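Participant: Take a look and give me a structure for this.
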Amino acid sequence: SKDPHATDARSFVMPSSPVNVCMFGTGEYTTGFTGKGAANSDKSTGVVALVLLDLRRRGLVARLGMVGTNGKKLPTIRAHMQCVLGDVYAGIDPGCIETWPSDDVIDPKAYERAVAAFNPGDCAIIFTPDDTHVSIASACLERGMHVMITKPPAKTLEEHNHIANAALKANRLCVVEVHKRFDPIYVDARDR
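Facilitator: Next comes the predicted model:
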């Protein structure tokens, strides 16, 4: 019988129940938070977590996770998200997001524990430094998760092929997200 979590991009069918999603990365594009505090940009509320929290509010996403490497920053990030999202938008509850690593731990491999906490068919969204994409995506695909990676997915053709082959082997979707192409500064540059 066919694996109910397997997906051929040409015949994708929406899941019958809300999907679980784990966000990898706790920076500006995910949370609106930078190493110096709230981002001073058009992304001060973050993008990824805000969208997923809204999808959760609408019943389209179930469980949410978020993974960084420095747990000591997570209480401040959660407070920031509560201030710019939870206190502003009705039905948005950043407190529902499970986080890795623990608040008192710095762990560059925290993604491994987070991946193990999710199931085949769940989704991973990776917005981390470029040199971490391959190891995180590989772990997610080996777990049977669908993956979306921000550009660039890998630094070399060999790494790119490794990710592509892992997706094929796992029979999961693995896509690249290219958000910068729609930023006003790039649109302006293109139009000049």
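
Participant: Where does the closest residue to Ala170 other than its chain neighbours fall, secondary structure wise?
Facilitator: The shortest distance from Ala170 to any residue other than its chain neighbours is 4.6 Å, reached at Leu141 (Cβ to Cβ, 6 or more residues apart in numbering). (C-beta placed from N, C-alpha, C; glycine too.) Assessed by DSSP states H and E, Leu141 sits inside helix 133-143.

Participant: so how far is the helix or strand just after that helix from its chain's centroid?
Facilitator: Where DSSP H and E defines the elements, the next helix or strand beyond helix 133-143 is strand 146-150. Going by Cα atoms, centre = their mean, to the nearest Å, the spacing between the C-alpha centre of strand 146-150 and its chain's C-alpha centre is 7 Å.

Participant: Buried residues, the helix or strand following strand 146-150. List them.
Facilitator: Per DSSP H and E, the first helix or strand lying C-terminal to strand 146-150 is helix 157-170. Neighbour counts using 16 or more other Cβ atoms under 10 Å place Glu159, His160, His162, Ile163, Ala166, Ala167, Ala170 of helix 157-170 among the buried residues.

Participant: show me the contacts for the closest residue to Thr31 other than its chain neighbours.
Facilitator: Distance criterion Cβ to Cβ, 6+ apart; nearest residue to Thr31, sequence neighbours excluded, is Gly46 at 4.3 Å. Going by Cβ atoms under 8 Å, 6 or more residues apart in numbering, Gly46 touches Glu28, Tyr29, Thr30, Thr31, Gly32, Phe33, Ala39, Met81, Val84, Leu85.

Participant: can I get these in TSV with secondary structure?
Facilitator: What follows is the contacts of Gly46, written out as TSV (DSSP: H, G, I helix; E, B strand; the rest coil):
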residue	secondary structure
Glu28	helix
Tyr29	helix
Thr30	helix
Thr31	helix
Gly32	coil
Phe33	strand
Ala39	coil
Met81	helix
Val84	helix
Leu85	helix
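
Participant: related to what we said a few turns ago, could you check how far the residue nearest to Ala170 is from Val88?
Facilitator: Counting by Cβ to Cβ, to the nearest Å, the gap from Leu141 to Val88 is 35 Å.

Participant: So for those two, which residue has more residues nearby?
Facilitator: Neighbours per residue (other Cβ atoms under 10 Å) separate Leu141 from Val88, with Leu141 holding more: 26 against 10.
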